[in-house]
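> with the sequence up front, the predicted model follows.
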Amino acid sequence: MAEYPRLVHLDEDTKARLISYLKEELFNHRAERGPYIERYERWQRDYWAEPTTEVRTFPFRGASNIIIPLTAIAVEAVNARMITMLFAVDPMVSVKLKMDGLPPDADPSLERYMDHVLKNEVKARRPIEDFILETTKFGTGTGKSGYEKIQRKAIRTVGDTEIEFPVTIRDGPTLEVIAGPRFLMPFTSQDPQLAPWVGEEHSISPYEVLIHQNSGMFYEGIYDDLAAFFMAATGATDMNSGQDATQNQEALERKVPVFPRRIDFDELWLGFDIDQDKEDEEIQVLYHEQSEKLLAVRHNWRDDLSRPYKYANYIRVEHRWAGIGICKQNEQFQRESTTIHRQRLDNATIANMRMFVVHKMSGYGPKEPIFPGKMWFVDDMTHVSAIQMGEVYQSSFANEQAVMLISQQRSGVNEVTLGMPTVGTPGTATGDLARIQEGNKKFDYAMDNIKHALGELFMDVFLNIKRFGSRDADYYQTAPGGQVVQQILSAPIDVIRRGLIFELGATNSRSNRLVDRQSFAQITTIMQQYFVSLLQLSQGNPQLTTVILRKGLLAANEVTRQLLETFEIRNIDRILVTEIDQLLNQEGGNGIQPAVQRFSKVLGAGGGSPPNGNGSTLGMDTLQEIARAVTESRQG
């Protein structure tokens with residue numbers, strides 16, 4: 001069973017130097033961090049679109065209070081699209097082999113293994129969704145892969161004796177997402193690997209402190225040290241506030257810990273000279289700022305001394321690590337559209353209001369009832385008249401639509417993206433497809449950024465499995481391709497990290513099925529012409545014809561599979577001829593030699609019209625002969 005990397009026990013002088021350095025760096029960073037946090041809070045309020053006051057009193061009591069949720073509309077559309085693209089494909093991880101000598105089924109075996117790890121062991125769906133949503137909303141998503149071990153005490157009764165023993169709840173790699181306001185890195189840096197220090201803020205309960213101590217994540221005895229600190233702080237607060245200190249003194253004597261509900265501490269990765277040899281060592285520090293205590297110090301256990309943090313930008317900003325998200329794109333347009341919309345509603349409300357001027361000698365009092373058909377008896381026609389406070393202007397609606405159009409241009413989310421009918425005269429299907437393809441360019445740019453970051457996080461998960469092991473060790477012996485995965489895991493970490501064996505990435509499914517179907521229809525025709533032309537040119541060379549035929553059979557199956565996937569057909573394997581792979585693997589491909597000979601005869605006899613410059617394909621007779629030849633070769 002894996003354990004946390006070894007703790008480093010510092011002497012008092014080194015500990016004091018390290019704490020002093022952390023205090024100064026974090027104090028300076030938090031001093032310039034205020035506007036950054038305020039932007040996040042403002043963007044989050046724009047996303048929730050909740051009115052600041054329940055009842056408005058200007059320009060009159062009960063005035064319009066609605067907020068146009070432009071940000072939420074765009075964010076939810078883009079986020080749902082990205083999540084669907086990522087999780088619609090099974091497996092969700094793509095592998096590209098780069099080293100010769102591996103078995104031919106190494107890439108699908110590794111894809112199935114990583115898909116199993118992410119879905120069942122790491123439980124990656126929720127953190128991946130948080131990562132994508134954070135990137136889409138705020139412009140920057142940050143994640144990391146680490147190691148977590150949680151042990152709890154269990155008690156079982158055996159006969160008349162109670163036996164205590166530890167039970168491991170979790171033990172293995174993790175995939176975590178760091179909220180933007182909790183990610184710590186100097187604003188002068190752009191790369192977590194090259195920054196003077198980088199880290200994050202954690203908030204845990206006192207019970208979790210005890211669990212981490214028992215699991216070996218924190219120093220032994222740190223729970224008691226924090227309990228003593230909070231008891232002393234509570235006693236000083238009570239005495240300074242003039243409260244009765246008798247109960248507090250009794251609590252101190254009984255040594256009852258007075259913990260807050262949440263305990264905040266910082267996880268920092270930095271270079272620091274801990275052995276006073278004038279060279280910095282890469283270390284990981286868990287630091288509790290309030291009590292100025294080091295919860296844990298470890299050497300960076302990663303072989304290449306890399307830091308675990310990876311981030312993605314929705315729209316990149318030059319020379320900055322923080323990007324631009326939809327909240328920033330729609331910030332001013334949401335406020336403007338909300339203001340125009342409120343003014344239009346309030347103006348219509350006021351325009352529909354009427355007040356009456358009644359002459360004081362007309363005989364009507366201030367509480368005179370008003371109802372349709374009421375008759376007013378006055379001596380002079382000027383004694384009663386109506387006052388209109390406003391007028392409805394159609395230009396306000398046009399202004400609101402103009403703001404919405406500019407917002408759509410900035411965010412790239414319009415009626416086509418949302419699946420809504422086009423305003424005005426509907427366009428042609430070809431025009432809509434062209435608009436979708438052009439609109440996808442901006443979306444694909446952001447998706448590529450996210451996929452690149454997820455690929456790096458998936459690689460960290462794989463390397464953490466190699467470092468700390470996996471709880472599902474039986475997978476290597478029971479699952480198909482498990483031994484191949486075990487063989488890859490035995491390779492050196494630096495070779496895997498540099499991508500010399502394989503590359504990991506996040507797969508995705510194109511969001512628009514109509515575009516895919518049209519594209520695959522064209523690809524099918526092109527592939528058919530391509531392979532038939534190669535078969536004609538390879539006449540007289542049976543070996544080359546064999547290679548072309550093998551590849552053509554596999555390509556036809558794969559193109560047809562992907563085409564059927566665009567129609568969301570279930571049980572595709574029951575539709576396609578999946579036995580082709582088994583046939584081609586028989587005796588190294590010799591099982592299709594009769595088919596090759598039959599193809600040669602068919603093409604030589606001219607049983608169908610071969611492809612020509614006009615793009616015509618083989619006739620039905622030729623296709624039937626080819627099918628008959630494949631059947632005979634399978635039976636033979």
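Nice, thanks for sending it over. Numbering: from 1, shown residues only.

> low-scoring pLDDT stretches of the stretch 451-600 of the chain, where are they?
Filtered on pLDDT under 70, the stretch 451-600 of the chain yields the residue ranges 508-518, 566, 568, 581-600.

> err, the chain, not the other one
1-2, 234-257, 421-433, 435, 508-518, 566, 568, 581-636.

> max-length helix in the chain?
helix 429-468 (DSSP state H).

> who's in contact with the residue most central in space within the chain?
Nearest to the geometric centre of the chain sits I132, at 2.5 Å (C-alpha atoms, centre = their mean). I132 is in contact with 79, 82-83, 86, 141, 450, counting by C-beta atoms under 8 Å, 6 or more residues apart in numbering. (C-beta placed from N, C-alpha, C; glycine too.)

> ok, back up a step: just the buried positions in the very next helix or strand once past the longest helix of the chain, please.
Downstream of helix 429-468, the first helix or strand assigned by DSSP states H and E is helix 475-478. Buried residues in helix 475-478, defined by neighbour count with 16 or more other C-beta atoms under 10 Å: 475-476.

> what packs against helix 475-478?
If contacts are counted by 3 or more C-beta pairs under 8 Å, 6 or more residues apart in numbering; DSSP states H and E, helix 475-478 sits against helix 482-489.

> now the helix it packs on: how far from the chain's centre is it?
28 Å (C-alpha atoms, centre = their mean, to the nearest Å).

> repeat that for stretch 388-398.
Using C-alpha atoms, centre = their mean, the mean C-alpha position of stretch 388-398 is found 44 Å from that of the whole chain.

> repeat for stretch 192-209
20 Å.

> one more: stretch 342-360?
Centroid displacement of stretch 342-360 relative to its chain, using C-alpha atoms, centre = their mean, is 50 Å.

> going along the chain, name the helices of the stretch 1-150 of the chain.
12-31, 34-48, 70-87, 106-116, 125-138 (DSSP state H, counting those that start in this stretch).

> report the angle between the axes of the fourth one and helix 429-468?
Using axes from the mean of the first three to the mean of the last three C-alpha atoms, to 10 degrees, the direction of helix 106-116 lies 80 degrees away from that of helix 429-468.

> returning to that earlier point: of the contacts of I132, which is the most crowded?
In terms of neighbours by other C-beta atoms under 10 Å, the contacts of I132 top out with G141 at 30 neighbours.

> in the chain, which residue sits furthest out from the middle?
D379 (76.7 Å).

> how about the secondary structure of the nearest residue to that one once chain neighbours are set aside?
Of all residues not flanking D379 in the chain, S362 sits nearest, at 7.4 Å (C-beta to C-beta, 6 or more residues apart in numbering). Assigned by DSSP: H, G, I helix; E, B strand; the rest coil, the conformation of S362 is coil.

> coming back round to it: output the contacts of I132 as JSON lines; include the columns distance to T349.
As requested, the contacts of I132 are exported to JSON lines (distance: C-beta to C-beta, whole Å):
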{"residue": "N79", "distance to T349": "36"}
{"residue": "M82", "distance to T349": "41"}
{"residue": "I83", "distance to T349": "41"}
{"residue": "L86", "distance to T349": "46"}
{"residue": "G141", "distance to T349": "43"}
{"residue": "I450", "distance to T349": "45"}
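
> which of those residues sits closest to Q394?
Of all the contacts of I132, N79 has the smallest distance to Q394: 35.5 Å, by C-beta to C-beta.

> how much space between that closest one and N464?
Look at N79 and N464: by C-beta to C-beta, to the nearest Å, they are 27 Å apart.

> check D379 too.
95 Å.

> and the helices of the stretch 1-150 of the chain: which comes nearest F333?
helix 70-87 (5.9 Å).

> can I get the closest one in PDB? Just the C-alpha atoms.
Extracted as PDB, the C-alpha positions of helix 70-87 are listed here (Å, rounded to 0.1, in the frame of the first residue of the first chain):
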ATOM      1  CA  LEU A  70     -26.800  37.500 -20.800                       C
ATOM      2  CA  THR A  71     -23.800  36.000 -19.000                       C
ATOM      3  CA  ALA A  72     -25.700  32.900 -17.700                       C
ATOM      4  CA  ILE A  73     -27.300  32.300 -21.100                       C
ATOM      5  CA  ALA A  74     -23.900  32.200 -22.900                       C
ATOM      6  CA  VAL A  75     -22.100  30.400 -20.200                       C
ATOM      7  CA  GLU A  76     -24.600  27.600 -19.900                       C
ATOM      8  CA  ALA A  77     -24.800  27.100 -23.700                       C
ATOM      9  CA  VAL A  78     -21.000  26.900 -24.100                       C
ATOM     10  CA  ASN A  79     -20.500  24.800 -21.000                       C
ATOM     11  CA  ALA A  80     -23.100  22.200 -22.000                       C
ATOM     12  CA  ARG A  81     -21.600  22.100 -25.400                       C
ATOM     13  CA  MET A  82     -18.100  21.400 -24.100                       C
ATOM     14  CA  ILE A  83     -19.300  18.800 -21.600                       C
ATOM     15  CA  THR A  84     -21.300  17.000 -24.200                       C
ATOM     16  CA  MET A  85     -18.400  17.000 -26.600                       C
ATOM     17  CA  LEU A  86     -16.000  15.600 -24.000                       C
ATOM     18  CA  PHE A  87     -18.200  12.900 -22.400                       C
END
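
> specify the local secondary structure of the residue farthest from the centre of the chain.
coil.

> surely it touches G363?
No. With contact defined as C-beta atoms under 8 Å, D379 does not reach G363; the gap is 9.0 Å.

> list the contacts for I128?
86, 175, 454.

> just those now: which is nearest E368?
Among the contacts of I128, and counting by C-beta to C-beta, the member closest to E368 is L86, at 67.7 Å.

> in this structure the closest one contacts F458, no?
No. L86 is beyond contact range of F458, at 11.8 Å (criterion: C-beta under 8 Å).

> just to revisit the earlier point, how many residues are close by the residue nearest to D379?
15.

> test my guess that it contacts V378.
Yes. Using C-beta under 8 Å, S362 makes contact with V378 at a distance of 5.0 Å.

> joint contacts of these two?
Overlap between the contact sets of S362 and V378, as judged by C-beta under 8 Å, 6+ apart, is given by V384.

> for stretch 22-40, which positions count as buried?
Under the neighbour-count criterion of 16+ other C-beta under 10 Å, stretch 22-40 has 22, 25-26, 39 buried.

> would you format those residues as a markdown table with distance to M527 included?
A markdown table is the format used below for the buried residues of stretch 22-40 (distance: C-beta to C-beta, whole Å):
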| residue | distance to M527 |
| --- | --- |
| L22 | 61 |
| E25 | 59 |
| L26 | 60 |
| R39 | 51 |
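
> of all those residues, which two lie farthest apart?
Top of the distance list for the buried residues of stretch 22-40 (C-beta to C-beta): L22 and R39, 25.7 Å.

> got the buried residues for the helix or strand containing S385?
Taking DSSP H and E as the criterion, S385 maps to strand 384-388. Residues of strand 384-388 classed as buried: none (neighbour count, 16+ other C-beta under 10 Å).

> SS state for L270?
Under three-state DSSP, L270 comes out as strand.
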